[in-house]
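Q: when you get a sec, could you give me coordinates for this:
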Amino acid sequence: MGSSSSKGPIITKHDRAVLDLKLQRDRLKRYQNKVRVARLTKLQYVLDKEYEIAREALASGQRSRAKLALQRRTYQRGLIEKTDQQLSTLQELVSTIEFAQMEQSIMYGLEQGNQVLKEIHKEMSLDRVDDLMSDTAEAQQYQQEIDSRLATQLTIEEQEDVEEQLKNLAAEIRPISDTDQADTVPVLPSAPAETPITERPSSIKLPKKEAQAEPAL
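A: Numbers count the residues shown, from 1 in each chain. Alright, predicted model coming up:
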């Protein structure tokens, strides 16, 4: 009596693609939750530190360095927002019925999701943030690379936002600088309103004359 070998379910190309898509969606969702939870830790610390770097650079007259820090900060905030958009796209792809029509979209979605995650991990580096204020040759090379890359990756709206941030920072710094300057200038006593009148002596003492002798009679 022969026994028939039981075979497990066959995993088709469609099943594998949908599984990969769901895994990618879950990764993005986990990272999205991590970003929300870590607002006050590393990610938010990086963004806040870049803002302070921009403020310090602008206060010391280094406008180009301040602009670079704000450009990098704006770009990173855009990457975080892209995780939300990418997650929404992947969820829509998962709900698509016809595999033949969505196969290319699935591969594109997976590729874009991985790219966004890699870019975020690369950008959120404390060492790279410190390079923004360093004057070493390596740091200056990194600053030039970032400046060239962000010039093409930031949208017009994001560039305008950077300029607006620079303008607001300058407005915040100017009153502080004026106050510091006022503190360093010595305050001279004000001139009297009227010319002081010299006090006159109450009585003038005249020298005593010697008494003249009366003529004898």
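
Q: mind pulling up the pLDDT for Gly8?
A: As predicted, Gly8 sits at a pLDDT of 65.

Q: go on, the one 10 residues further on?
A: At Val18 the predicted local confidence, pLDDT, stands at 74.

Q: just give me the neighbour total for it.
A: By other C-beta atoms under 10 Å, the residues close to Val18 number 17. No exception for glycine: its C-beta is placed from N, CA and C like everyone else's.

Q: can you pull the contacts of Glu52?
A: Residues near Glu52 by C-beta atoms under 8 Å, 6 or more residues apart in numbering: none.

Q: what helix or strand does it sit in?
A: helix 42-59 (DSSP states H and E).

Q: that helix: which residues count as buried?
A: Leu43, Val46, Leu47, Lys49, Glu50, Tyr51, Ile53, Ala54, Arg55, Ala57, Leu58, Ala59 (16 or more other C-beta atoms under 10 Å).

Q: who does the host helix or strand of Leu19 touch, helix- and strand-wise?
A: Using DSSP H and E, Leu19 sits in helix 13-37. On a contact count with 3 or more C-beta pairs under 8 Å, 6 or more residues apart in numbering; DSSP states H and E, helix 13-37 meets helix 63-94, helix 99-123.

Q: again, only this time at 10 Å
A: helix 42-59, helix 63-94, helix 99-123 (3 or more C-beta pairs under 10 Å, 6 or more residues apart in numbering; DSSP states H and E).

Q: between the first one and helix 13-37, how many degrees?
A: On the basis of axes from the mean of the first three to the mean of the last three C-alpha atoms, to 10 degrees, helix 42-59 is oriented at 60 degrees to helix 13-37.

Q: just the C-alpha atoms of helix 42-59, please, in CSV.
A: The C-alpha trace of helix 42-59 is given here as CSV (Å, rounded to 0.1, in the frame of the first residue of the first chain):
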residue,chain,number,x,y,z
LYS,A,42,18.7,61.4,18.5
LEU,A,43,16.7,62.4,15.4
GLN,A,44,15.2,65.5,17.0
TYR,A,45,18.6,66.3,18.7
VAL,A,46,20.2,66.3,15.2
LEU,A,47,17.6,68.7,13.8
ASP,A,48,17.9,71.0,16.9
LYS,A,49,21.6,71.0,16.8
GLU,A,50,21.7,71.9,13.2
TYR,A,51,19.4,74.8,13.9
GLU,A,52,21.8,76.0,16.7
ILE,A,53,24.7,75.6,14.4
ALA,A,54,23.0,77.8,11.8
ARG,A,55,22.2,80.4,14.6
GLU,A,56,25.8,80.5,15.8
ALA,A,57,27.2,80.7,12.3
LEU,A,58,24.9,83.5,11.3
ALA,A,59,25.8,85.4,14.5
